[in-house]
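Chemist: Structure of the sequence below:
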Amino acid sequence: MTKRAVRRWVSSALFALASTLSSAAGAQDAGVASADPYAGYESLLRAVVRGDGVDYRALRGRIAELRAFCQWLADNGPTATPAAFATADARLSYWLNAYNATVLRAIAESPESMRNVLESQPNSGFFRARTHRVDRRSLTLDAIENREVRERFRDPRVHSALNCGARSCPPLSSQAFRPRTVSSQLDRLASAWVNGAAVTVDARARALRVSALFQWFAEDFSGTIRGRPVEGVTGPMRFVLAFASRARRDAIVTLCGPTLAQCRVEHVPYDWSLNSAR
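Modeler: Numbering: from 1, shown residues only. Sure thing, here's the model as predicted:
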């Protein structure tokens, strides 16, 4: 057996063990966990995600489970084991889980004094300099987000699913992404984000205050959303109206007009402080 084969066998065994331990705590039985590579990771998410934040103390107490999943990510992936990721949804699920799990591990393994992900390393090093072993490659978080997710899938909904560990990021989901459900999961997260913290309607000021993500990734958000037509509106607000609830959409259009020309759009400064559970 080659060294690579030994390493893959060990990583698979570790992840299976972590999943089995989680199952013993009541998450899922070992047989299901072994058939689903994301079962143990989801059990961990359900234990540490608290509302809009993450309980990092609890996460550090279960770091072995997270490391086991990250080792699986290191040894498997669309490039490393392409037969296991034959569909676009399988690849998208993998990369969304890989990004979020890698962020969690990077924070959990940082000093507990860390309070801001942007300032934790100089020149945005947390995202752009530090590399992680994923898909048998050394990748930065920036590369995963922009090359593997945004450029390959061209789906603006991913912005509601990727959690960078900052307070202003869309909340981390307590569910792992899976090929059969990833599209419905993205719809749900996009709707929750748009109808939650991403958009504030200020009727007195006739202003829509929106996440800075709509400014940074304006091109991503400006296209047509399949099955969610929006007429008369251009730019990132197309995405907002596509996923707004009927009540919120009606309130926005009533205040701002059918083309939203009667309101100004303000981008809220991004809060990069750590998204610790409050």
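Chemist: Now do the strands in the stretch 1-150 of the chain.
Modeler: Under the criterion DSSP state E, counting those that start in this stretch, the stretch 1-150 of the chain carries strands at the ranges 49-50, 53-54, 131-134, 137-140.
Chemist: Quick check: which of those strands is buried the most?
Modeler: Ranked by mean neighbour count, the strands of the stretch 1-150 of the chain are led by strand 53-54 with a mean of 20 (mean count of other C-beta atoms under 10 Å). Backbone N, C-alpha and C define where each C-beta goes, glycine included.
Chemist: all helices of the stretch 101-250 of the chain, in order?
Modeler: 125-128, 141-143, 152-153, 182-194, 213-216, 218-221, 237-243, 246-256 (DSSP state H, counting those that start in this stretch).
Chemist: who touches the second one?
Modeler: Right, the one you point to is helix 141-143. 99, 102-103, 106, 124, 126-128, 130, 132, 164 (C-beta atoms under 8 Å, 6 or more residues apart in numbering).
Chemist: right, so of the helices of the stretch 101-250 of the chain, which gets closest to residue 110?
Modeler: Counting by C-beta to C-beta, residue 110 lies closest to helix 125-128 out of these; the figure is 8.4 Å.
Chemist: Figure out how far that closest one is from the centre of its chain.
Modeler: 16 Å (C-alpha atoms, centre = their mean, to the nearest Å).
Chemist: Tell me the buried residues in that helix?
Modeler: 126-127 (16 or more other C-beta atoms under 10 Å).
Chemist: Closest to residue 90 out of the contacts of helix 141-143?
Modeler: Nearest member of those to residue 90, counting by C-beta to C-beta, is residue 99, at 15.5 Å.
Chemist: these two touch, right, the closest one and residue 158?
Modeler: No: contact criterion C-beta atoms under 8 Å: residue 99 and residue 158 do not qualify, at 9.1 Å.
Chemist: Now list whatever residues contact both of the two.
Modeler: Between them, residue 99 and residue 158 share these contacting residues under C-beta under 8 Å, 6+ apart: residue 149.
Chemist: residue contacts, residue 277?
Modeler: 50-51, 53-56.
Chemist: redo that, cut-off 7 Å
Modeler: 50-51, 53-55 (C-beta atoms under 7 Å, 6 or more residues apart in numbering).
Chemist: And residue 235, by the same measure?
Modeler: 218, 222.
Chemist: Now do it, the pLDDT please.
Modeler: With respect to pLDDT, residue 235 has a value of 95.
Chemist: how near is it to residue 164?
Modeler: 23 Å (C-beta to C-beta, to the nearest Å).
Chemist: repeat for residue 139
Modeler: From residue 139 to residue 164 the distance is 15 Å (C-beta to C-beta).
Chemist: where does the stretch 51-200 of the chain have low pLDDT?
Modeler: The model of the stretch 51-200 of the chain has pLDDT under 70 over residues 123.
Chemist: can you tell me which residues contact the residue positioned nearest the centre of the chain?
Modeler: Among the residues of the chain, the one closest to the centroid is residue 162, at 2.1 Å (C-alpha atoms, centre = their mean). Taking C-beta under 7 Å, 6+ apart as the criterion, residue 162 is in contact with 96, 99-100, 145, 149.
Chemist: let's see it at 8 Å
Modeler: 96, 99-100, 145, 149, 169-170.
Chemist: do the same with residue 195
Modeler: Residue 195 neighbours (C-beta under 8 Å, 6+ apart): 243-245, 248.
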